[in-house]
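Participant: Please work out how this folds:
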Amino acid sequence: MAYRGRIAPTPTGLLHLGHARTFALAAKRCRENAGTLVFRIEDIDTLRCKKEFAVAAMEDLKKLGISWDEGPDVGGKFAPYVQSDNMPYFWGIWEKLKNAGIIYPCRRSRKDVAAAVRAPHAEDEAAEPIFPASWRPPAGTGRDFSAPGDYNWRFRVPDGETITFFDEIQGKQTFVAGKDFGDFVVWRRDGVPAYELAVVADDIRMKISEVVRGADLLKSTARQILLYRALGAIPPRWAHAPLVLDENGKRLAKRSSALSLRTLLENKSFSLW
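Facilitator: Numbering: from 1, shown residues only. Got it, this is the predicted structure:
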C-alpha cells in the first residue's frame, strides 16, 4: 500500500508549537516514505470552527515550509479538503452503523455521565467518566430510525475486550473496553458526526496509511480501531508524538495566544525540535 499521510488541524484557534511539531513530523515521515501528504480542515464543529483560523493555519504551515500534495485545485494550487463539505458521506456511515445495530440513540449528556462517576460507589473519581453499561438500551435499539434526530448516538463497546496496537513512537499500547473507556458518542444531537466517527470515516475515504498526531489521542485510537472493524476497514499505522508542555507542565492550548505559532514565527523565538 502506498504511503498516504495527513495533517488535519481543527480551526478553533491559532496553531501553537505543539501543532507545528506534530505536523512537521507528519510531513517528515511522509517524505521519508516517498508518500503523499493530504491536508484536511476538520471543521465539523461549526459553532467553534472559524474560517479565519483555517486560513491562518495554511499560512503558518507554509511559513514553516510544510507543503501538501493533494487537494482541490484552486488556481493551480492544492487547497485543503474541508470536512464539512462531505456531510452526505458521514450520513451514510451513520446509517451503516445504525443498520448493524452497533450504535444507539441516547439522551444522556456528558454531565449525566460525569455525575454518575462522582457517585459514592465510583472506584476512581479522577478517571475519565465511563458511560455506565446499565444505561444501555436493548440491542438493536435505533435500527428503525431513518435519521439521527435530536439524540446523541453512542457506539456499543465490547466490554472486557482488550484492544492492542503498536505505535511507531510510543510502542505497544493496550486498552480494555468498558474499563478504560465506555460507550462513546459517534453522532451528536446537533446533527454532526463526533470526532471519533468523522476522523475514521475521512481517513478511510482518503486511504490514509499512517496517522501522525499527539499522544493525548492514544486512548482515542483504541475507540477508533473498533470503528474501523465495524466498518470493515483496515486501520492505518499510528505514530503519536510526545506533547509539547508549557512552563507549568501542561499541554499547550489554542487559547494561549502568547504561545501561538503565529506569534512565535513573528518573533522568530522558537525551535521545532
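
Participant: from here on, contacts and neighbour counts on C-alpha atoms
Facilitator: Fine.

Participant: Give me the distance between the closest residue in space to residue 54 that isn't next to it in sequence and residue 17.
Facilitator: Sequence neighbours aside, residue 11 is the residue nearest to residue 54 in space, at 5.0 Å (criterion: C-alpha to C-alpha, 6 or more residues apart in numbering). From residue 11 over to residue 17 the distance is 15 Å, taken as C-alpha to C-alpha, to the nearest Å.

Participant: For the stretch 101-250 of the chain, just list every one of the strands.
Facilitator: Applying DSSP state E, counting those that start in this stretch to the stretch 101-250 of the chain gives strands spanning 103-106, 152-155, 162-167, 171-176, 184-187, 210-214, 237-241.

Participant: Adding mean neighbour count, mean pLDDT and distance to residue 142 as columns, could you present these in TSV?
Facilitator: Formatted as TSV, those follow (neighbours: other C-alpha atoms under 10 Å; pLDDT from 0 to 100; distance: least, C-alpha to C-alpha, whole Å):
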stretch	mean neighbour count	mean pLDDT	distance to residue 142
strand 103-106	24	98	5
strand 152-155	24	98	9
strand 162-167	16	98	26
strand 171-176	14	98	26
strand 184-187	23	96	13
strand 210-214	21	96	32
strand 237-241	20	97	33
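
Participant: among those strands, which is nearest residue 204?
Facilitator: Residue 204 sits nearest to strand 210-214 of all the strands of the stretch 101-250 of the chain, at 11.1 Å, using C-alpha to C-alpha.

Participant: Next, the angle strand 162-167 makes with that closest one.
Facilitator: On the basis of axes from the mean of the first three to the mean of the last three C-alpha atoms, to 10 degrees, strand 210-214 is oriented at 90 degrees to strand 162-167.

Participant: picking that back up, right, and the strands of the stretch 101-250 of the chain - which one's nearest residue 28?
Facilitator: Closest approach to residue 28 among those is made by strand 210-214 (10.4 Å; C-alpha to C-alpha).

Participant: where does stretch 18-25 sit relative to the chain's centre, distance-wise?
Facilitator: Relative to its chain's centre, stretch 18-25 lies at 15 Å (C-alpha atoms, centre = their mean, to the nearest Å).

Participant: quick one: the residue nearest to residue 54 from residue 82, how far?
Facilitator: When residue 11 is compared with residue 82 (using C-alpha to C-alpha), they lie 11 Å apart.

Participant: Compare neighbour counts for the two and give me the winner.
Facilitator: residue 11 (24 against 17; other C-alpha atoms under 10 Å).

Participant: pretty sure that one is in a strand, no?
Facilitator: No: under DSSP: H, G, I helix; E, B strand; the rest coil, residue 11 falls outside any strand and is assigned coil.

Participant: Much appreciated, bye for now.
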